[in-house]
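Novice: Prediction below, plus the sequence it came from.
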Amino acid sequence: SITTDPSLHNLTSGYEDFGGNTDHTCLILLELTAIAAVCMAISLCGLVGNSLVLWFLDFHVKHSSFTKYFANLVAADFTLLLVVFLLMLAVLRFSTFCLHDLIPLYIQFVFAAMILVQYLHIRSLGILTAKSVDQSLHVL
């Protein structure tokens, strides 16, 4: 009869051969890429539209407080769309080129972009409120 210690059956020498399959495949989600591409296309259309409105308001319309108000709103929207475009571009770049080691930098970029977007949104709401109060006082 052969007597072996059952606790020694699971020991290895510290080196395991996986058959030479050491390729590190990058996980690319097709849905994520498609959503990022659609968001980029929409934001590009919005950037072009907002650029045209800003150009029209600056060069072809008589300047008044009302046109300045709309120009400020369009500028805030333009900046928001630019930030969304840059975020989606970063998502596509990370998923395409497998830049997983730069994800902490991307998270810091998203945090900074989120603060910028919130600032611009609050600024545009403040301008809207000020303009509404100004028009209400003119009526009274």
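Specialist: Noted; the coordinates are in hand. Residues are numbered from 1 along each chain as shown.

Novice: Give the burial count for Met88, as a bare number.
Specialist: Counted with other Cβ atoms under 10 Å, residues neighbouring Met88 total 20. C-beta: built from backbone N, CA, C; applies to glycine.

Novice: So which bits of the helix or strand harbouring it are buried?
Specialist: Assessed by DSSP states H and E, Met88 sits inside helix 65-97. By neighbour count on 16 or more other Cβ atoms under 10 Å, the buried set for helix 65-97 is 69-85, 87-88, 90-92, 94-95.

Novice: Could you point out the helix or strand that follows that helix?
Specialist: Trace forward from helix 65-97 with DSSP H and E and the next one is helix 103-139.

Novice: Report all helices and strands that that following helix contacts.
Specialist: In terms of contacts (3 or more Cβ pairs under 8 Å, 6 or more residues apart in numbering; DSSP states H and E), helix 103-139 is packed against helix 65-97.
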